[in-house]
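S.K.: missing the sequence, but the structure's below:
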Ligand code: AP5
(Lines give C-alpha, C1' and ligand atoms only; values in the text may rest on other atoms or scores of the structure.)
Protein backbone atom coordinates (compact mmCIF):
# COMPACT_ATOMS: atom_id res chain seq x y z
CA UNK A 1 0.00 0.00 0.00
CA UNK A 2 1.45 3.38 -1.06
CA UNK A 3 -0.17 6.56 0.27
CA UNK A 4 0.52 10.26 -0.08
CA UNK A 5 -0.83 12.71 2.52
CA UNK A 6 -1.37 16.48 2.14
CA UNK A 7 -2.50 19.04 4.70
CA UNK A 8 -1.35 22.44 5.95
CA UNK A 9 1.34 22.43 8.62
CA UNK A 10 -0.49 21.60 11.83
CA UNK A 11 -3.50 19.91 10.19
CA UNK A 12 -2.78 16.50 11.69
CA UNK A 13 -0.88 14.73 8.90
CA UNK A 14 1.39 13.12 11.47
CA UNK A 15 -1.54 12.33 13.76
CA UNK A 16 -3.69 10.63 11.08
CA UNK A 17 -0.60 9.19 9.39
CA UNK A 18 0.05 7.12 12.51
CA UNK A 19 -3.33 5.42 11.93
CA UNK A 20 -2.49 4.58 8.32
CA UNK A 21 0.88 3.15 9.30
CA UNK A 22 -0.73 0.95 11.92
CA UNK A 23 -3.56 -0.23 9.64
CA UNK A 24 -1.34 -1.20 6.72
CA UNK A 25 1.99 -1.87 8.46
CA UNK A 26 3.70 0.64 6.20
CA UNK A 27 6.64 2.95 6.82
CA UNK A 28 6.16 6.65 7.51
CA UNK A 29 8.44 8.69 5.28
CA UNK A 30 8.27 12.26 6.58
CA UNK A 31 10.57 14.69 4.82
CA UNK A 32 10.60 17.14 7.77
CA UNK A 33 11.55 14.35 10.20
CA UNK A 34 14.35 13.17 7.88
CA UNK A 35 15.75 16.71 7.87
CA UNK A 36 15.49 16.93 11.67
CA UNK A 37 17.42 13.64 12.01
CA UNK A 38 20.17 15.03 9.80
CA UNK A 39 20.27 18.24 11.86
CA UNK A 40 20.53 16.42 15.20
CA UNK A 41 23.14 14.04 13.72
CA UNK A 42 25.23 17.02 12.55
CA UNK A 43 25.46 15.77 8.93
CA UNK A 44 26.37 18.08 6.04
CA UNK A 45 22.84 17.79 4.66
CA UNK A 46 21.50 18.80 8.09
CA UNK A 47 23.78 21.85 8.21
CA UNK A 48 22.57 22.91 4.77
CA UNK A 49 18.88 22.39 5.62
CA UNK A 50 18.78 24.02 9.08
CA UNK A 51 18.66 27.70 8.07
CA UNK A 52 15.84 27.12 5.60
CA UNK A 53 13.78 25.18 8.14
CA UNK A 54 14.27 27.74 10.93
CA UNK A 55 13.05 30.51 8.59
CA UNK A 56 10.02 28.47 7.46
CA UNK A 57 11.33 28.23 3.88
CA UNK A 58 11.48 25.14 1.72
CA UNK A 59 14.81 23.37 1.61
CA UNK A 60 15.93 23.71 -2.06
CA UNK A 61 14.67 21.10 -4.52
CA UNK A 62 18.18 19.95 -5.48
CA UNK A 63 18.68 18.73 -1.89
CA UNK A 64 15.13 17.58 -1.11
CA UNK A 65 14.07 15.73 -4.27
CA UNK A 66 16.98 13.23 -4.49
CA UNK A 67 16.87 12.70 -0.70
CA UNK A 68 13.19 11.70 -0.70
CA UNK A 69 13.23 9.72 -3.95
CA UNK A 70 16.21 7.65 -2.73
CA UNK A 71 14.30 6.69 0.43
CA UNK A 72 11.20 5.80 -1.63
CA UNK A 73 13.20 3.60 -4.01
CA UNK A 74 14.72 1.73 -1.07
CA UNK A 75 11.20 1.11 0.24
CA UNK A 76 9.85 -0.27 -3.09
CA UNK A 77 7.52 -3.23 -2.62
CA UNK A 78 7.25 -2.70 1.16
CA UNK A 79 4.64 0.08 1.24
CA UNK A 80 4.95 3.65 2.44
CA UNK A 81 3.13 6.73 3.66
CA UNK A 82 4.74 9.85 2.24
CA UNK A 83 4.19 12.99 4.37
CA UNK A 84 5.60 16.46 3.62
CA UNK A 85 6.56 15.77 0.01
CA UNK A 86 5.74 17.04 -2.61
CA UNK A 87 5.42 20.67 -1.51
CA UNK A 88 5.58 22.40 -4.90
CA UNK A 89 4.90 21.66 -8.58
CA UNK A 90 8.48 20.63 -9.38
CA UNK A 91 8.46 18.06 -6.57
CA UNK A 92 5.01 16.81 -7.69
CA UNK A 93 6.15 16.25 -11.28
CA UNK A 94 9.39 14.56 -10.19
CA UNK A 95 7.53 12.27 -7.81
CA UNK A 96 4.98 11.27 -10.45
CA UNK A 97 7.82 10.62 -12.92
CA UNK A 98 9.76 8.50 -10.40
CA UNK A 99 6.69 6.43 -9.47
CA UNK A 100 5.86 5.81 -13.13
CA UNK A 101 9.46 4.81 -13.91
CA UNK A 102 9.62 2.44 -10.94
CA UNK A 103 6.17 0.97 -11.73
CA UNK A 104 4.99 1.89 -8.21
CA UNK A 105 1.22 2.32 -7.81
CA UNK A 106 -0.05 5.20 -5.71
CA UNK A 107 -3.08 3.69 -3.96
CA UNK A 108 -4.44 6.74 -2.14
CA UNK A 109 -3.87 10.47 -1.92
CA UNK A 110 -5.31 12.00 1.27
CA UNK A 111 -5.90 15.74 1.67
CA UNK A 112 -6.73 17.19 5.09
CA UNK A 113 -8.53 20.53 4.74
CA UNK A 114 -8.15 23.08 7.52
CA UNK A 115 -8.50 26.89 7.81
CA UNK A 116 -5.19 28.66 8.21
CA UNK A 117 -6.01 30.23 11.60
CA UNK A 118 -6.79 26.86 13.21
CA UNK A 119 -3.64 25.32 11.75
CA UNK A 120 -1.50 28.12 13.23
CA UNK A 121 -2.98 27.66 16.72
CA UNK A 122 -2.41 23.92 16.59
CA UNK A 123 1.24 24.36 15.62
CA UNK A 124 1.99 26.84 18.39
CA UNK A 125 0.41 24.60 21.03
CA UNK A 126 2.01 21.36 19.83
CA UNK A 127 4.30 19.54 22.27
CA UNK A 128 6.37 16.57 21.16
CA UNK A 129 6.85 13.49 23.31
CA UNK A 130 10.50 12.38 23.42
CA UNK A 131 9.36 8.71 23.36
CA UNK A 132 6.97 8.92 20.39
CA UNK A 133 6.39 11.81 17.99
CA UNK A 134 2.86 10.57 17.31
CA UNK A 135 1.58 10.90 20.89
CA UNK A 136 -0.81 13.87 20.53
CA UNK A 137 -0.16 16.66 23.06
CA UNK A 138 -1.29 20.26 22.65
CA UNK A 139 -1.44 22.91 25.36
CA UNK A 140 -4.28 24.81 23.58
CA UNK A 141 -6.59 21.84 22.97
CA UNK A 142 -8.46 20.48 26.01
CA UNK A 143 -8.93 16.94 24.63
CA UNK A 144 -5.17 16.42 24.22
CA UNK A 145 -3.70 18.67 26.93
CA UNK A 146 -0.46 17.28 28.37
CA UNK A 147 -0.58 15.78 31.84
CA UNK A 148 1.05 18.73 33.58
CA UNK A 149 4.54 18.95 32.13
CA UNK A 150 4.61 15.41 30.68
CA UNK A 151 3.08 13.39 27.80
CA UNK A 152 -0.59 12.53 28.36
CA UNK A 153 -0.09 9.08 26.74
CA UNK A 154 3.13 7.72 28.27
CA UNK A 155 4.39 10.28 30.78
CA UNK A 156 7.47 11.02 28.68
CA UNK A 157 9.18 14.41 28.69
CA UNK A 158 7.83 16.99 26.25
CA UNK A 159 9.66 19.41 23.97
CA UNK A 160 8.81 22.03 21.36
CA UNK A 161 10.10 22.30 17.79
CA UNK A 162 12.05 25.54 17.24
CA UNK A 163 10.15 26.25 13.97
CA UNK A 164 6.81 25.91 15.82
CA UNK A 165 7.29 28.95 18.08
CA UNK A 166 8.21 31.55 15.47
CA UNK A 167 5.02 33.14 14.08
CA UNK A 168 6.75 34.64 11.03
CA UNK A 169 8.17 31.25 10.09
CA UNK A 170 4.76 29.60 10.56
CA UNK A 171 3.16 32.22 8.29
CA UNK A 172 5.80 31.54 5.63
CA UNK A 173 5.14 27.79 5.83
CA UNK A 174 1.41 28.45 5.38
CA UNK A 175 1.98 30.88 2.47
CA UNK A 176 3.77 28.03 0.71
CA UNK A 177 1.10 25.48 1.58
CA UNK A 178 -1.98 27.50 0.54
CA UNK A 179 -0.43 28.65 -2.77
CA UNK A 180 -2.66 27.02 -5.41
CA UNK A 181 -0.44 28.08 -8.33
CA UNK A 182 3.00 26.75 -7.46
CA UNK A 183 2.86 25.74 -3.83
CA UNK A 184 1.71 22.66 -1.98
CA UNK A 185 -1.99 22.95 -2.85
CA UNK A 186 -0.94 23.11 -6.52
CA UNK A 187 0.95 19.85 -5.95
CA UNK A 188 -2.12 18.30 -4.28
CA UNK A 189 -4.33 19.34 -7.22
CA UNK A 190 -1.81 17.79 -9.62
CA UNK A 191 -2.57 14.44 -7.95
CA UNK A 192 -6.30 15.22 -7.79
CA UNK A 193 -6.23 15.54 -11.59
CA UNK A 194 -4.50 12.16 -11.82
CA UNK A 195 -7.27 10.71 -9.64
CA UNK A 196 -9.89 12.14 -12.00
CA UNK A 197 -8.13 10.16 -14.75
CA UNK A 198 -8.25 6.97 -12.68
CA UNK A 199 -4.52 6.83 -11.79
CA UNK A 200 -5.15 6.95 -8.03
CA UNK A 201 -7.91 7.53 -5.44
CA UNK A 202 -8.26 10.96 -3.77
CA UNK A 203 -9.74 11.31 -0.26
CA UNK A 204 -10.66 14.70 1.22
CA UNK A 205 -11.04 15.04 5.00
CA UNK A 206 -12.46 17.96 6.99
CA UNK A 207 -9.60 18.52 9.46
CA UNK A 208 -11.54 20.83 11.76
CA UNK A 209 -13.22 17.92 13.57
CA UNK A 210 -11.80 15.94 16.49
CA UNK A 211 -8.94 13.48 15.96
CA UNK A 212 -11.37 10.57 16.52
CA UNK A 213 -13.96 11.88 14.03
CA UNK A 214 -11.36 12.39 11.32
CA UNK A 215 -9.93 8.96 12.00
CA UNK A 216 -13.37 7.31 11.64
CA UNK A 217 -14.05 9.19 8.39
CA UNK A 218 -10.65 8.20 7.01
CA UNK A 219 -11.17 4.54 7.88
CA UNK A 220 -14.61 4.55 6.21
CA UNK A 221 -13.23 6.13 3.03
CA UNK A 222 -10.31 3.72 2.73
CA UNK A 223 -12.56 0.73 2.09
P1 LIG B 1 7.45 19.21 8.53
O2 LIG B 1 8.12 18.40 9.56
O3 LIG B 1 6.72 18.49 7.43
O4 LIG B 1 6.50 20.19 9.31
P5 LIG B 1 5.07 20.70 8.98
O6 LIG B 1 4.84 20.89 7.54
O7 LIG B 1 4.91 21.89 9.84
O8 LIG B 1 4.07 19.57 9.34
P9 LIG B 1 3.92 18.97 10.71
O10 LIG B 1 4.46 17.59 10.71
O11 LIG B 1 4.56 19.89 11.70
O12 LIG B 1 2.35 19.08 10.96
P13 LIG B 1 1.26 17.94 10.92
O14 LIG B 1 0.25 18.28 9.88
O15 LIG B 1 1.88 16.58 10.86
O16 LIG B 1 0.54 18.16 12.32
P17 LIG B 1 0.43 17.24 13.63
O18 LIG B 1 -0.13 15.90 13.36
O19 LIG B 1 1.71 17.31 14.42
O20 LIG B 1 8.47 20.20 7.82
C21 LIG B 1 9.37 21.02 8.56
C22 LIG B 1 10.25 21.82 7.60
O23 LIG B 1 11.11 20.92 6.82
C24 LIG B 1 9.51 22.64 6.51
O25 LIG B 1 9.07 23.88 7.02
C26 LIG B 1 10.61 22.78 5.45
O27 LIG B 1 11.55 23.78 5.77
C28 LIG B 1 11.33 21.42 5.49
N29 LIG B 1 10.73 20.49 4.50
C30 LIG B 1 10.00 19.38 4.80
N31 LIG B 1 9.59 18.76 3.64
C32 LIG B 1 10.09 19.51 2.60
C33 LIG B 1 9.97 19.44 1.18
N34 LIG B 1 9.25 18.47 0.59
N35 LIG B 1 10.58 20.37 0.43
C36 LIG B 1 11.31 21.36 1.00
N37 LIG B 1 11.44 21.52 2.35
C38 LIG B 1 10.82 20.61 3.14
O39 LIG B 1 -0.67 18.08 14.39
C40 LIG B 1 -0.40 19.40 14.84
C41 LIG B 1 -0.92 19.59 16.28
O42 LIG B 1 -2.35 19.54 16.29
C43 LIG B 1 -0.48 18.51 17.26
O44 LIG B 1 -0.35 19.06 18.52
C45 LIG B 1 -1.64 17.51 17.23
O46 LIG B 1 -1.69 16.75 18.41
C47 LIG B 1 -2.83 18.44 17.08
N48 LIG B 1 -3.94 17.88 16.32
C49 LIG B 1 -3.86 17.11 15.20
N50 LIG B 1 -5.09 16.82 14.74
C51 LIG B 1 -5.97 17.46 15.58
C52 LIG B 1 -7.40 17.56 15.64
N53 LIG B 1 -8.19 16.98 14.73
N54 LIG B 1 -7.96 18.30 16.62
C55 LIG B 1 -7.19 18.90 17.53
N56 LIG B 1 -5.84 18.82 17.54
C57 LIG B 1 -5.23 18.12 16.58
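M.R.: Perfect, I can see it now. The shown structure was predicted, so the numbers you read here are calculated from the model rather than taken from an experiment.
S.K.: Which residue ranges of this protein form strands?
M.R.: Assigned by DSSP state E, the chain shows strands spanning 2-6, 27-30, 80-83, 108-113, 128-129, 158-159, 201-206.
S.K.: can you list these in JSON lines and add distance to residue 98, mean neighbour count and mean pLDDT?
M.R.: The way it works is simple: take the backbone N, C-alpha and C, and place the C-beta from them, glycine included. Listed next are these as JSON lines, based on distance: least, C-beta to C-beta, whole Å; neighbours: other C-beta atoms under 10 Å; pLDDT from 0 to 100:
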{"stretch": "strand 2-6", "distance to residue 98": "12", "mean neighbour count": "25", "mean pLDDT": "96"}
{"stretch": "strand 27-30", "distance to residue 98": "13", "mean neighbour count": "19", "mean pLDDT": "92"}
{"stretch": "strand 80-83", "distance to residue 98": "11", "mean neighbour count": "23", "mean pLDDT": "95"}
{"stretch": "strand 108-113", "distance to residue 98": "15", "mean neighbour count": "21", "mean pLDDT": "97"}
{"stretch": "strand 128-129", "distance to residue 98": "30", "mean neighbour count": "20", "mean pLDDT": "95"}
{"stretch": "strand 158-159", "distance to residue 98": "34", "mean neighbour count": "14", "mean pLDDT": "96"}
{"stretch": "strand 201-206", "distance to residue 98": "19", "mean neighbour count": "16", "mean pLDDT": "97"}
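S.K.: Please report phi then psi for residue 87.
M.R.: phi -120, psi 0 (degrees, to the nearest 10).
S.K.: And it, how far from the ligand?
M.R.: Per C-beta to the nearest ligand atom, to the nearest Å, residue 87 is found 4 Å from the ligand.
S.K.: next one: residue 53
M.R.: 4 Å.
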